[in-house]
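Asks: build me a model from this:
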Amino acid sequence: MAASVVQYGRRRGSSKKVSSADEANRMIQPPDLRQVTVLPKAEWLRIQDRLHQVNTYKDSIREAAQQRQAMHLRSKEVVKSWSNTIAGQRQKKLEAKKIREQIEEEQRKLTDIEEAKYQEQKRKEAIAKARAQQYYQTDRVKGFHRVLLLTEVLKEREAQIELKKRIQSTSKDMDKEFINTTKSREDEALRQEQQKALEKKLERQAVAEDLTKQIKENCLAKEREKLEDKKEGEEIQHLRQLYLWEQRMETEKKVEQKRNIMQAHLEHVSKRDIIRAIETQKQEVEEERRQLFLSAKQNMMKLRKDKETELFREAQVHRDRIMDKLTATLQEQTINEEERVTKAVAERDAQLAQQQQDEEEKKAAMLKSITVHREAMRQEKEQRDMVAHQNAQDMLQAKKEADRIFLEKQQLKAQQMKEDARILQDLYANQMAEKCARHQQLRREQHDLEAKNEGLIAEEEKQFQQYTKHIINAAAEAERNVLPLRKAARDGIGGGLGPIYGAVRASYLVQDITGAQMPKYVSGTTQNIKELNEAVDIHDAKKRLGFTW
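Replies: Numbers count the residues shown, from 1 in each chain. The predicted model follows:
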C-alpha cells in the first residue's frame with residue numbers, strides 16, 4: 001500500500017503556471033483518493049472570494065463611506081439641540097415668537113368673547129325695551145290705561161266732593177268770626193284750588209294734547225297698518241291666484257295624463273284585437289292547409305288504391321291471356337295429335353312432357369314475378385306510408401311547437417299586461433298615498449299653527465293678567481275704584497260683551513242701523529233656569545215631550 005501524500009497549497013511568490021509535463025502526467029495518471037490537499041485559511045478565503053466575485057477593497061471603501069455618513073448624521077442630530085449656536089438661537093427666537101403669538105391670540109379670543117357677550121346683553125335689553133313699548137301700544141293695554149286714568153279722575157272727584165261736604169258741615173257750627181276766618185281760608189283754599197284746578201286743567205290740556213297726538217299717531221299707524229294689510233291682502237290674493245293657477249295646471253296635467261293613458265290603453269286594445277285577428281287568420285290558414293293536406297293525403301290513398309287495383313287487373317288480364325294462349329296451344333297440340341296419330345307415341349309423350357315442363361316453368365316464373373312485384377309494391381307502400389306517417393308526425397310536432405310558442409307569447413303578453421296593470425295600480429296607490437300624506441301634513445301644520453296661536457294667545461293673556469293684577473293691587477292699596485279696572489282686565493281678547501270662544505270675547509250687534517252691541521244678560525238665575533229646562537238624559541227628554549219609546 002502506498003503511503004498517503006499530503007500536499008500543501010501554493011506558497012506565496014510561487015508561479016501560478018503549471019508545466020505541460022505535470023499537466024500531462026495528471027491527465028494520464030488516475031486520481032488518488034488518499035491524497036488530501038490542505039489549504040491555509042487565508043488562501044481558502046481568497047479562493048472563495050474569487051469564486052463569488054467579491055471585491056474587498058470596494059466593500060471596505062463603501063463601508064467607510066457609510067460610517068462617515070452615519071457619523072455626520074449623528075453630529076447633525078447632536079448639534080441640533082445645542083443652544084449656543086446661531087441656528088439654535090434662531091430656533092429659540094422662532095419658538096418664543098410662536099408662543100407670544102399664541103398668548104396674544106388667546107387674549108384676543110377672550111376679548112372677542114367678552115365683547116360678544118356685552119353686545120348680546122345690549123341686544124337683549126333693546127329687544128326687551130322694544131317689546132315693552134310695543135306691548136304698551138296694544139289696544140287692550142291702552143284701553144286698560146285709559147280706565148286707569150278714569151279711576152284717578154274718579155278718585156280726584158270723590159276727594160273734591162268729600163272736601164265740599166266737609167266744608168259745608170263745618171260751616172254750619174262755627175261762629176261768624178270763625179266763619180269769616182274760615183271764609184278767608186276757604187277763599188284762600190278756593191284760590192289755591194282754582195290755582196290747582198288751573199294747573200290740573202293745564203296738565204289735562206297737556207295730557208289731552210298728548211292723547212290727541214297719540215290718537216293721531218295711532219290713526220297714522222292704523223292707516224299704515226291698513227295699507228300694509230291691503231298690500232298683504234293683495235299679495236295673498238296674488239298668491240291665491242297663483243295657487244289656483246297651479247292647481248288648475250296640475251288638474252289639467254292629470255286630465256292630460258289620464259287622456260294619454262286612456263289613449264294608450266285604447267291603442268293597446270286595438271293592437272291586441274288586430275293581433276288576435278291576425279292570429280285567427282293564421283289559424284284559419286293553417287286549418288285550410290291542414291284540410292288541403294288531409295284531402296291531398298286522401299286523394300293519394302285513393303290514387304294508390306286505384307293504382308293497385310289497376311295493376312292487379314292488368315296482372316289478371318295477363319294471366320288470362322297466358323291461359324288463353326295455353327288453351328289454344330293445347331287445342332292445337334290436340335289437333336296435331338289427332339292428325340299425327342300415326343306418329344310415334346314416344347315423341348308425342350316427350351313433346352307433351354316438354355311442353356308441360358315449359359308451361360310449369362313459365363307459370364312458376366310468372367307466379368314468381370307476380371310475387372316479387374307484389375312484395376315490391378308492398379314495400380313501396382310501406383315506405384310511402386312510413387314517409388307519410390313521418391311527415392304527419394313532423395307536421396304535428398311543428399304544429400305543437402308553433403302552438404307552444406304561441407301559448408308562451410300569449411302568456412308573456414298576459415304577464416306583461418298584468419305587470420303593466422300592477423305598475424299602474426301601484427302608481428295610483430302611490431299618488432293616493434302622497435295625496436293623503438300631503439293632506440295629513442297640511443292638517444298637522446294647521447293644527448300646529450292653531451296650537452301655536454292658542455299658546456301665544458294664552459301667553460299674552462297670562463302676561464296681561466299679571467300686569468293688570470299688579471296695577472289693580474296697587475290701585476286697591478291707593479284706595480282707588482278698581483271696578484272699571486277689573487271690568488277692563490276681564491278674560492278674553494276683544495271688547496265685546498259676549499261669551500269667550502277660543503280666548504276671544506265675541507261681540508253681538510243688533511240688526512238695525514244703530515249697530516249697538518247687545519249686552520250679556522247672564523246671571524246665576526239664568527243658569528239655574530237653563531239647567532232646569534235642559535235635559536241631560538235624552539230618555540228623560542223624550543218622556544217629558546210625551547214619547548213612549
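
Asks: make sure Leu154 is actually in contact with Asn481.
Replies: Yes: in this structure Leu154 lies within contact range of Asn481 using CB atoms under 8 Å: 5.2 Å. The way it works is simple: take the backbone N, C-alpha and C, and place the C-beta from them, glycine included.

Asks: elements contacting the stretch of helix or strand Arg290 belongs to?
Replies: Element membership for Arg290 (DSSP states H and E) is helix 176-339. Helices and strands touching helix 176-339, by 3 or more CB pairs under 8 Å, 6 or more residues apart in numbering; DSSP states H and E, are helix 139-173, helix 345-477.

Asks: can you pull out the low-pLDDT segments for the stretch 1-150 of the chain?
Replies: Under the criterion pLDDT under 70, the flagged ranges of the stretch 1-150 of the chain are 1-36, 52-56, 81.

Asks: Three-state assignment for Thr37, please.
Replies: Three-state assignment for Thr37 (DSSP: H, G, I helix; E, B strand; the rest coil): strand.

Asks: what is the burial count for it?
Replies: Counted with other CB atoms under 10 Å, residues neighbouring Thr37 total 9.

Asks: stretch 395-415: how far from the chain's middle?
Replies: 41 Å (CA atoms, centre = their mean, to the nearest Å).

Asks: and Ala128, how far is that from Gln134?
Replies: 11 Å (CB to CB, to the nearest Å).

Asks: all strands of the stretch 1-150 of the chain, in order?
Replies: 6-8, 36-38 (DSSP state E, counting those that start in this stretch).

Asks: of all the helices and strands packed on helix 176-339, which lies closest to Leu45?
Replies: Across the helices and strands packed on helix 176-339, Leu45 has its closest neighbour in helix 345-477 (87.7 Å, CB to CB).

Asks: low-confidence ranges in the stretch 151-300 of the chain?
Replies: For the stretch 151-300 of the chain (pLDDT under 70), the answer is 171-179.

Asks: run the last query once more with 80
Replies: In the prediction, the stretch 151-300 of the chain carries residues with pLDDT under 80 at positions 167-194, 196-197, 200-201, 204, 207-208, 210-211, 293, 295-297, 300.

Asks: Arg319 touches Leu367, doesn't it?
Replies: No: contact status for Arg319 versus Leu367: not in contact, 9.3 Å apart, counting by CB under 8 Å.

Asks: looking at the two, which one has more neighbours?
Replies: Of the pair Arg319 and Leu367, Arg319 is the one with more neighbours under other CB under 10 Å, namely 14 against 11.

Asks: and the pLDDT for that one?
Replies: Looking at Arg319, its pLDDT is 77.

Asks: I'd like the distance between Met323 and Lys362.
Replies: For Met323, the distance to Lys362 - CB to CB - is 11 Å.

Asks: Asp385 too?
Replies: Computed as CB to CB, the Asp385 to Lys362 distance reads 34 Å.

Asks: same deal with Asp273?
Replies: 76 Å.

Asks: who has more neighbours out of these two?
Replies: Taking Asp273 and Lys362 together and counting by other CB under 10 Å, Lys362 has the greater number of neighbours (13 against 10).

Asks: the more buried one: what's it in contact with?
Replies: Ile322 (CB atoms under 8 Å, 6 or more residues apart in numbering).

Asks: and the pLDDT for it?
Replies: For Lys362, pLDDT reads 82.

Asks: repeat for Met366
Replies: So Met366 comes in at 81 (pLDDT).
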